[in-house]
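Enquirer: Next come a sequence and a model predicted from it.
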Amino acid sequence: MHIKEIFLLAVSLVTGYYGMAQVPVVKSVHLGLVTPVSTQGKLAKDMSPAFSLQALQGVNFNNKGVTIAGLANRLYGSNRGLMVSGLANQVNGSDKGISVAGLYNGAANGRGIQVAGILNHKTGNGLIQIAGLCNFSRYEILQIGGIVNSSQNVHSQVAGLINIARSVRGVQVAGLINIADSSDYPIGILNFIKNGEQQIGIQVYDDASANVLLRTGGRKTYGIIGAGAGNEQRKTVFQLEAGAGYRITFNQRLRINTEVVAISKTDFIFWKHTQSLRALLGYKISPVIEITAGPALNTYKYSDSRIFADNYLWKFGSRESSFSLTGGLTGAVNISL
């Protein structure tokens, strides 16, 4: 057989194989630099490959497997697999898979997982959002954001600064503020809950100090923040207090408020920090006025109490440091806002 005949036979075999395999291969795998400079070209937005790898930017209709792009991915349909990009993923339809992006994930809806360095956004319902800065959605099971979470209906939110929601079924944990119409378990310094409870009161302590405290929260948990005057080395000093509490309700008038707080005293030259665990029996003498009183367990190197001075539950001392557990008493009059 001559070389020419061998060459023609090889060409015919390759051509025949390519004709049979072209459609399934092109449909299942999408490779390229940036769409349409890719194996699917201008048809990419109408095709749904099982695997897509683009050096810069990729476009397809649906993702049924894995889609990876150096900069950005865009789907005109839905995502049911894994999307990974250096900057952004955008799904015009539902995102029921996992989207991981260096900056931004966007989708119409879908009970999937979004993980972004800066922002996750869904105009409809979702499942889990984790972002370095912000999450936005109409419904989520869980939102974890470095700064802000916002959702109309959510099970749980965890944010570095602010959580915003209409209805929360689980917990809200924020470094600063929780906002909701309904949230029984907000954990933050300030909690503005429409169906919750807000109180302002004067709290006195057994070391002859007093603070004006603001308690804001839901039916169960609440935040505490306040300031007042304390005593230290026979001087009146500035006193700050912040913490969290949990309510155990017996009836409309009687309950126990368990609280964990940090108290700082300062004359702006020295600082003294004390931690306190207390259980306050609360009784509402009217719908808006509550009287509370109860014991406290304090941690510091010595006792400040005028009542329990030099009486320690436990004490440790060395040349480098000292630490003790001391008892205390506190009471307050609170007014509902």
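Expert: Arrived safely. Here the structure is a predicted model, which means the values were calculated and not measured.
Enquirer: what about this structure, any weak spots by pLDDT?
Expert: Of all residues in the chain, those with pLDDT under 70 make up the ranges 1-26, 301-303, 305-306, 309-310, 317-322.
Enquirer: Recalculate using a threshold of 90.
Expert: For the chain, applying pLDDT under 90 flags the ranges 1-28, 64, 206-208, 230-235, 267-273, 299-328.
Enquirer: show me where it has helices.
Expert: Applying DSSP state H to the chain gives helices spanning 3-28.
Enquirer: list the contacts for residue 28?
Expert: Going by CB atoms under 8 Å, 6 or more residues apart in numbering, residue 28 touches 49-51. Using the backbone N, CA and C atoms, a C-beta is placed for each residue, glycine as well.
Enquirer: how about the residue nearest the centre of the chain, what does it touch?
Expert: A centroid search over the chain (CA atoms, centre = their mean) returns residue 158, at 1.7 Å, as the residue closest to the centre. Residue 158 makes contact with 142-145, 149, 173-174, according to CB under 8 Å, 6+ apart.
Enquirer: Which single one of those is nearest to residue 249?
Expert: Of all the contacts of residue 158, residue 249 sits closest to residue 173, with 22.0 Å by CB to CB.
Enquirer: That closest one against residue 157, yeah?
Expert: Yes - with contact defined as CB atoms under 8 Å, residue 173 reaches residue 157; the gap is 7.1 Å.
Enquirer: Now the common contact residues for these two.
Expert: Counting by CB under 8 Å, 6+ apart, the contacts common to residue 173 and residue 157 are residue 163.
Enquirer: how is this protein carved up into domains?
Expert: Following automatic domain parsing, one finds the domains of the chain at 27-146, 197-336.
Enquirer: quick one: the strands in the stretch 151-300 of the chain?
Expert: 162-174, 177-180, 182-187, 190-193, 197-205, 210-217, 221-232, 235-249, 254-266, 271-284, 289-300 (DSSP state E, counting those that start in this stretch).
Enquirer: Show me what the residue nearest to the centre of the chain is bridged to.
Expert: residue 144, residue 173 (DSSP bridges).
Enquirer: I'd like the distance between it and residue 120.
Expert: For residue 158, the distance to residue 120 (CB to CB, to the nearest Å) stands at 14 Å.
Enquirer: and if you look at residue 201?
Expert: Going from residue 201 to residue 120 by CB to CB gives 40 Å.
Enquirer: Most neighbours of all the contacts of residue 28, which one?
Expert: Of all the contacts of residue 28, the highest neighbour tally under other CB atoms under 10 Å goes to residue 49, namely 25 neighbours.
Enquirer: OK, contacts around that residue?
Expert: Counting by CB under 8 Å, 6+ apart, residue 49 touches 27-30, 40, 60, 63-65, 67.
Enquirer: same check, this time on residue 236
Expert: Contacts of residue 236 (CB under 8 Å, 6+ apart): 229-230.
Enquirer: for it, which residues make a bridge with it?
Expert: Using DSSP bridges, the beta-bridge partners of residue 236 come out as residue 231.
Enquirer: So residue 201 and residue 120 - more neighbours on which side?
Expert: In terms of neighbours (other CB under 10 Å), residue 120 is the more surrounded of residue 201 and residue 120; the figures are 33 against 19.
Enquirer: How about the contacts made by the more buried one?
Expert: By CB under 8 Å, 6+ apart, the contact set of residue 120 is 104-106, 114, 129-131, 134-137.
Enquirer: Tell me how far it lies from residue 28.
Expert: According to CB to CB, residue 120 stands 29 Å off from residue 28.
Enquirer: Kindly report the same for residue 331.
Expert: The gap separating residue 331 from residue 28 is 73 Å, by CB to CB.
Enquirer: In this structure residue 188 contacts residue 180, no?
Expert: No - with contacts counted by CB under 8 Å, residue 188 stays clear of residue 180, the gap being 10.8 Å.
Enquirer: Can you get me a residue count around residue 311?
Expert: 10.
Enquirer: which residues does residue 114 bridge with?
Expert: Taking DSSP bridges as the rule, residue 114 bridges to residue 99, residue 129.
Enquirer: What count of nearby residues applies to it?
Expert: Residue 114 has 32 nearby residues by other CB under 10 Å.
Enquirer: Please report how far it lies from residue 36.
Expert: Distance from residue 114 to residue 36, by CB to CB: 27 Å.
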